[in-house]
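# got a structure for you, letters missing:
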């Protein structure tokens, strides 16, 4: 990869691109989930769901929790849209499967329900590459265990 | 960098780390803004503001729009907190200086005011490296032109 | 189409399935956008965008404004996610292209900006079948005219 | 401290500055957390975290619950941003360590989860000077006990 980086103020301002090897030294590298990878994950998750005749929403987000891909099987309950997205975003926000969050509460720490923006239901899994978070997949529509089974099928497709 | 990647379900689930050269092929690379870089940017921005006796909030976010660093000079108006963060997040969301958004509206496209989550005031600048977005800096407290002048000083520190 | 309908209250209530030729007589029919149709629309829209090297979010919603499908091209600005979904939902909410809403404001009726939940930017198109609304497609990432061009390509795929 | 106070209504009203020995007599004094103090606290908290290789968000707010300073260690889960800020704001709002709030719930008063704007997790500590609240520090990223340990290190730096 090129060692010459450009740091700049872009678009509407006159382009003030600053070349800088130094900038690189202050930045870290990371892997990014692509749409192609997300589609591959979704196809595998969809196949797992279809095999069982399960209707679900499958949501895949990047490492900032922003949607990269979403699909909803016909006749899936619409409440599952926000839940699937919420599970994926929770997996990103807390860097762990949402089951871990559900377990915290199941084990008696109700205080965790006071944390806003968290969907504490099993069925969301982070996508970790080289121990770094690159995104997450969240599924909703059947039981939470089944949701996670589908999400796991999606995750595993990434390395096939 | 190692060509052997690991994709896995982490933490509370039994570690199911999957090794996979293939996974790498489906992912892209990018640079990440570090806290050290953010502090360097903030120090330069703060110096520019102090030189002029300007009181401001300086906010630096990552490429997902999530706060990495924020500081507020003593006696800065508290409304500037959300504005500075909003400018930084808008620069990330729309990959451009917030002045470009302010100009769209100034040029008569009031409809853009209907877009939620946008802070359309000059003073936010994206941080672009190799033409890719890695984050943004937003400043608020003085005039919008001065806010941007401070943000620009912060941005330029990244390559010194 | 089958004349035998089933209306049921499921889940927590004991299943009270009403077999219902009678019920059928009291209900209307509607066409429903399927995931397969949404994927076909998205593929055509994606092809139109790719042909021009445009990076966009493509969102397709049902007649309730609920997401059926979403995809985001690599490196598309994240602000386009909410905008694309918002355009599709606005097209459903007001049963018209979002350009019509943008025109209302452009023609001086700023009051329309006070309507909650409206994204008044060109690039959203309703999907009408037999003069009835079945959903909408919203696109964001390039100029609003280009966004609509992509949405239109998606819409046209539905009749091929 | 100067006995000469100035109270003013500025900006859009014509400046009506009241020179004010009289006004002073009717007002109370209080200590105010400065950015310099906040940075000192954050540095001590960061040192405590770094010593243990813990990745955290450190947030410091004033007595109005408004952010004065925030920093996020590289690769800290992004969900910790809102949690750290929420802990600091809860400590200000209720003038107590957030552990006290978590204990209320742990002791069975789940109703407290219905209080809006409260983050009831250990790791937030109020900054009290002469028995008066001047702000708070909130930490999130590791276990809640560890979060509080870091916050405590920050708090103690204020008196050294």
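Yep, that arrived. Since this is a predicted model, take the numbers as computed values, not measurements.
# I believe residue A:138 is in a strand; please confirm or correct that.
Yes: when DSSP: H, G, I helix; E, B strand; the rest coil is applied, residue A:138 is found to be in a strand.
# show me what contacts it?
For residue A:138, the contact set (Cβ atoms under 8 Å, 6 or more residues apart in numbering or on different chains) comprises A:58-61, A:83-91, A:98, A:119, A:123-125, A:151. From N, CA and C alone the C-beta is placed, and that goes for glycine too.
# what sits against residue A:89?
By Cβ under 8 Å, 6+ apart, the neighbours of residue A:89 are A:61, A:65, A:117, A:119, A:124, A:136, A:138.
# Looking at residue A:101 now. What's its pLDDT?
If you check residue A:101, the pLDDT there is 97.
# typed the wrong thing, it's residue A:40
97.
# Kindly report the same for residue A:90.
Residue A:90 is given a pLDDT of 98.
# Give me the buried subset of the contacts of residue A:89.
A:61, A:65, A:119, A:124, A:136, A:138 (16 or more other Cβ atoms under 10 Å in any protein chain shown).
# and the spatially closest residue to the fourth one that is not a sequence neighbour, how many residues sit next to it?
Going back to what we said before, that points to residue A:124. Leaving aside its chain neighbours, residue A:124 sits nearest to residue A:87 (3.1 Å; criterion: Cβ to Cβ, 6 or more residues apart in numbering or on different chains). Residue A:87: 36 surrounding residues under other Cβ atoms under 10 Å in any protein chain shown.
# now residue A:87: how far from residue A:136?
8 Å (Cβ to Cβ, to the nearest Å).
# again with residue A:31
Distance, residue A:31 to residue A:136, using Cβ to Cβ: 14 Å.
# Equivalent analysis for residue A:33, please.
Computed as Cβ to Cβ, the residue A:33 to residue A:136 distance reads 9 Å.
# between the two, what contacts are shared?
In contact with both residue A:33 and residue A:136: A:60, A:127, using Cβ under 8 Å, 6+ apart.
# how many other residues sit next to residue A:48?
When neighbours are counted by other Cβ under 10 Å, residue A:48 registers 22.
# Spatially nearest residue to it, not counting backbone neighbours?
residue A:153 (3.6 Å).
# what comes into contact with the helix or strand harbouring the one you found?
Here residue A:153, judged by DSSP states H and E, is contained in helix A:144-157. Outside helix A:144-157, the residues that touch it by Cβ under 8 Å, 6+ apart are A:40-45, A:47-49, A:52, A:54, A:56, A:58, A:60, A:87, A:97, A:99, A:102, A:121-125, A:127, A:137-142, B:7, B:9, B:18.
# and if we set it to 7 Å?
Here helix A:144-157 makes contact (Cβ atoms under 7 Å, 6 or more residues apart in numbering or on different chains) with A:40-42, A:44-45, A:48-49, A:54, A:56, A:58, A:99, A:121-125, A:127, A:137-141, B:9, B:18.
# among those residues, which ones are buried?
The neighbour count (16+ other Cβ under 10 Å) marks A:40-42, A:44-45, A:48-49, A:54, A:56, A:58, A:99, A:121-125, A:127, A:137-141, B:9, B:18 as buried among the contacts of helix A:144-157.
# Tell me who's in contact with the residue of chain A found nearest chain B.
Relative to chain B, the nearest point of chain A is residue A:64 (1.9 Å; Cβ to the nearest Cβ). Contacts for residue A:64 (Cβ under 7 Å, 6+ apart) come out as B:63-66, C:78.
# Would you mind listing what in chain A touches chain D?
Counting by Cβ under 7 Å from any Cβ of the partner chain, chain A comes close to chain D at A:28, A:65, A:92-95, A:110-111, A:113-117, A:132.
# sorry, back to before: how close does the residue nearest to residue A:48 get to chain D?
According to Cβ to the nearest Cβ, to the nearest Å, residue A:153 and chain D sit 25 Å apart.
# how many neighbours does that residue have?
Residues lying near residue A:153 (other Cβ under 10 Å) number 20.
# nearest residue to the residue nearest to the spatial centre of chain A other than its sequence neighbours?
The residue lying closest to the centre of chain A (Cα atoms, centre = their mean) is residue A:136, at 2.0 Å. In space, and not counting its chain neighbours, residue A:136 is closest to residue A:91: 3.7 Å by Cβ to Cβ, 6+ apart.
# Of the residues of chain A next to chain D, which pair is most distant in space?
For these, the farthest-apart pair by Cβ to Cβ is A:28 and A:110; their separation is 37.1 Å.
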